[in-house]
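Colleague: here is a sequence with its predicted model. Questions after.
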Amino acid sequence: MQCHKIVQILRQKAVGEKIVVQGWVKTVRRSKSVSFIDINDGSCLTNLQVIAEQNQTTDENHLKDLSTGCSLRVTGTLAASPAKGQDIELQAETLEILGLAPDYPLQKKRHSFEYLREIAHLRPRTNSLGAVARIRSALSFAVHTFFQERGFFHIHTPIISTGDCEGAGETFTVTALDLENIPSSTNLASVWDDDFFGCQANLTVSGQLEAEAYAMALGNVYTFGPTFRAENSNTSRHLAEFWMIEPEMAFCNLQEDIDIAEQFIKYLVDTLLKDCLEDLELFASFIEKDLFKRLKNVSEKTFIRLSYTEAIAELQKSKKSFKFPVAWGMDLQSEHERYLTEVIFGQPVVLTDYPKTIKPFYMRVNEDQKTVAAMDVLFPGIGEIIGGSQREERQDNLVARMNELNMQTSEYEWYIDLRRYGTVPHAGFGLGFERMVQFVTGMKNIRDVIPFPRTPGSASF
RNA sequence: UCCUCGAUAGCUCAGUCGGUAGAGCAGGUGGCUGUUAACCACCUUGUCGCAAGUUCGAAUCUUGCUCGAGGAGCCA
């Protein structure tokens, strides 16, 4: 007999049908002659209630051994439920206990997220972490759908890299050297000559530069892969290993870049509101009351666009005293971003044309020679969620910027080649996937929206 | 990395003025013809994060360390 997923069973409500269900016990309620077993198979948030009479088990394990966490296979007939709480339930005919769960660490009551992080291999069995996993999957699928439907090509950029995308953060070194046995005579500068790649290699901090190469051939491309930062950041918004989405578009300027970014975000939110309502309602009930209000704010309102210079003027006009005083040329602190998105505008804001001194070398210098064609999408409550720019497509300007920043142009010859041979205006942006999952779920800590988080001092599992 | 707070039963926490450990849940046993975080009765559970110090006596006071959380910086 075919095994059914609970999500289908609850949707179809085929009363009278004989089915097989397999899953894990969420809770058992017993009385003398009948037991109520809530079973969950991960296909959706809701459990299926199984009604079991005594002595229905088919193996050496008995109903009395059944507890939260046990795995089960149940054959039975779907029936309309006579009691409140569920429309249908499964009248068990045979009940096979696949695995017992003595001393199961997950209880029926709510656990703290801190505790669940210590049992990251079991936490997807909880309602909230299971919902996060389903939403993460749906969001990932929506990312691909959005770009594929618009003719973008998915590019697998390398995970091991030899550039550091200048300014994107500290890198993890990748080495095959025996670190306990490095010849003492070797000087540090030349140690990499003998290493696997013949030079120092690291885990990628961004796929952007490689994506640009493919955009210069295929037009519109995107990357969606893991990214690594060795920053010692201990916050609820940072991971050492996270996933990033980076589209790159040929024949594209900054305004078109912002248009795509705005459409993209709205598409992701709308897709989840359509496909993941049950899971989102869990977060709206238990994690963040105003979740739907916040999602609709993003979905329905046109993002405010203003230049960095205008933003500085707005902040100065506000007369609020900030910890970091506002002045043109400074990088905006989170208190400034929050004030703009939460107090002044109350909705997403796109800031453009930042001073070139606070942005990386590859951004296109504007006519004023002081600012670059950069854009940051700022969300209320979260801060920067997207950072992007029109890239510097003029070879002379690019090299001049690299020299200003004392960069070794020899290491970037391949990147300069993209300007040397058939250069075109192009633009792109980066979206931190986990921050997007945080935004749509309301989860406070980024460690709880990725299955096995890596942070300073922590890479268990 | 900096600032602040925290660590007590398997989990969530209380513990007064320094006097030798408590509750709810989980678990166990029994009861209950339909429960919904089931309910009722009884029972079990401790290196009070680690190390040192003060004291007749430390979960409680002091110092150091470890780990965790929130915020900041860095950033996505």
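Modeller: Yep, it's here.
Colleague: which parts of the stretch 301-450 of chain A are helices?
Modeller: Under the criterion DSSP state H, counting those that start in this stretch, the stretch 301-450 of chain A carries helices at the ranges A:308-317, A:334-338, A:395-404, A:413-420, A:433-441.
Colleague: who are the packing partners of the second one?
Modeller: For helix A:334-338, the contact count by 3 or more Cβ pairs under 8 Å, 6 or more residues apart in numbering; DSSP states H and E identifies strand A:383-390 as packing neighbours. Heads up, the C-betas are built off the backbone N, CA and C, glycines and all.
Colleague: buried stuff in the strand it packs on?
Modeller: Within strand A:383-390, the residues that count as buried by 16 or more other Cβ atoms under 10 Å are A:G383, A:E384, A:I385, A:I386, A:G387, A:G388, A:S389, A:Q390.
Colleague: closest to A:G428 among the residues you listed?
Modeller: The shortest approach to A:G428 among the buried residues of strand A:383-390 belongs to A:G388, at 5.9 Å (Cβ to Cβ).
Colleague: about what we covered before: most tightly surrounded among the helices of the stretch 301-450 of chain A?
Modeller: Comparing the helices of the stretch 301-450 of chain A by mean neighbour count (mean count of other Cβ atoms under 10 Å), helix A:433-441 ranks first with a mean of 24.
Colleague: which residues touch that one?
Modeller: With Cβ atoms under 8 Å, 6 or more residues apart in numbering as the test, helix A:433-441 has contacts from A:131-132, A:135-136, A:139-140, A:143, A:224, A:237, A:239, A:242-245, A:265, A:268-269, A:272, A:280, A:283, A:287, A:291, A:295, A:379, A:382, A:385, A:443-444, A:446, A:449-450.
Colleague: turn the buried residues of strand A:383-390 into CSV, including pLDDT and distance to A:Q2.
Modeller: Listed next are the buried residues of strand A:383-390 as CSV, based on pLDDT from 0 to 100; distance: Cβ to Cβ, whole Å:
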residue, pLDDT, distance to A:Q2
A:G383, 85, 48
A:E384, 89, 48
A:I385, 92, 43
A:I386, 95, 44
A:G387, 95, 48
A:G388, 96, 48
A:S389, 97, 52
A:Q390, 97, 54
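Colleague: thinking again about what came up before, among the helices of the stretch 301-450 of chain A, which comes closest to A:W328?
Modeller: helix A:308-317 (5.1 Å).
Colleague: rounded mean pLDDT for that closest one, please.
Modeller: Mean pLDDT, helix A:308-317: 93.
Colleague: distance between it and the chain's centre?
Modeller: Helix A:308-317 has its C-alpha centroid displaced from the chain centroid by 31 Å (Cα atoms, centre = their mean, to the nearest Å).
Colleague: what helices or strands is that helix leaning on?
Modeller: By 3+ Cβ pairs under 8 Å, 6+ apart, helix A:308-317 packs against strand A:349-352.
Colleague: got a list of contacts for the strand it packs on?
Modeller: A:254, A:258, A:261-262, A:303-308, A:311, A:332, A:340-341, A:373-378.
Colleague: is it anywhere near RNA strand B?
Modeller: No - counting by Cβ under 7 Å from any atom of the strand, RNA strand B has no neighbours in strand A:349-352; the shortest distance is 12.9 Å.
Colleague: and that strand, C-alpha only, in PDB?
Modeller: Extracted in PDB, the C-alpha atoms of strand A:349-352 (Å, rounded to 0.1, in the frame of the first residue of the first chain):
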ATOM      1  CA  VAL A 349      14.400  52.500   1.900                       C
ATOM      2  CA  VAL A 350      16.900  52.300  -0.900                       C
ATOM      3  CA  LEU A 351      19.900  54.600  -0.400                       C
ATOM      4  CA  THR A 352      22.100  55.400  -3.500                       C
END
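Colleague: that one pairs with which strands?
Modeller: Applying DSSP bridges to the sheet, strand A:349-352 is found paired with strand A:304-307 (parallel), strand A:374-379 (antiparallel).
Colleague: please enumerate the strands of the stretch 151-300 of chain A.
Modeller: Counting by DSSP state E, counting those that start in this stretch, the segments of the stretch 151-300 of chain A that form strands are A:153-154, A:160-161, A:173-174, A:201-203, A:220-228, A:241-250.
Colleague: and RNA strand B, which of the ones you listed is closest to it?
Modeller: strand A:241-250 (4.0 Å; Cβ to the nearest atom of the strand).
Colleague: strand partners (parallel or antiparallel) of that closest one?
Modeller: Next to strand A:241-250 in the sheet, as set by DSSP bridges, lie strand A:220-228 (antiparallel), strand A:426-432 (antiparallel).
Colleague: touching RNA strand B at all, it?
Modeller: Yes - Strand A:241-250 reaches RNA strand B (Cβ under 7 Å from any atom of the strand) through A:F242, A:M244.
Colleague: angle of that strand against strand A:383-390?
Modeller: 30 degrees (axes from the mean of the first three to the mean of the last three Cα atoms, to 10 degrees).
Colleague: ok now strand A:241-250, how far from the chain's centre?
Modeller: The answer for strand A:241-250 is 12 Å, by Cα atoms, centre = their mean.
Colleague: do the same with stretch A:71-91
Modeller: So, by Cα atoms, centre = their mean, the centroid of stretch A:71-91 is 36 Å from its chain's centroid.
Colleague: and what of stretch A:138-145?
Modeller: 11 Å.
Colleague: which non-adjacent residue is nearest A:N232?
Modeller: Leaving aside its sequence neighbours, A:N232 sits nearest to A:P456 (Cβ to Cβ, 6 or more residues apart in numbering; 5.2 Å).
Colleague: that neighbour reaches A:T235, doesn't it?
Modeller: No - at 10.4 Å, A:P456 and A:T235 do not qualify as touching, with contact defined as Cβ atoms under 8 Å.
Colleague: who has more neighbours, the two?
Modeller: Remark: of A:P456 and A:T235, A:P456 carries more neighbours, 13 against 9, as counted by other Cβ atoms under 10 Å.
Colleague: hang on, isn't A:D353 packed against A:K370?
Modeller: No - contact criterion Cβ under 8 Å: A:D353 and A:K370 do not qualify, at 9.2 Å.
Colleague: the more surrounded of those two?
Modeller: In terms of neighbours (other Cβ under 10 Å), A:D353 is the more surrounded of A:D353 and A:K370; the figures are 22 against 15.
Colleague: got a list of what that one touches?
Modeller: Contacts of A:D353 by Cβ under 8 Å, 6+ apart are A:S307, A:Y308, A:T309, A:N366, A:T371, A:V372, A:A373, A:A374.
Colleague: per-residue confidence for it?
Modeller: pLDDT at A:D353 comes out at 96.
Colleague: ok, A:M1 next?
Modeller: A:M1 is given a pLDDT of 65.
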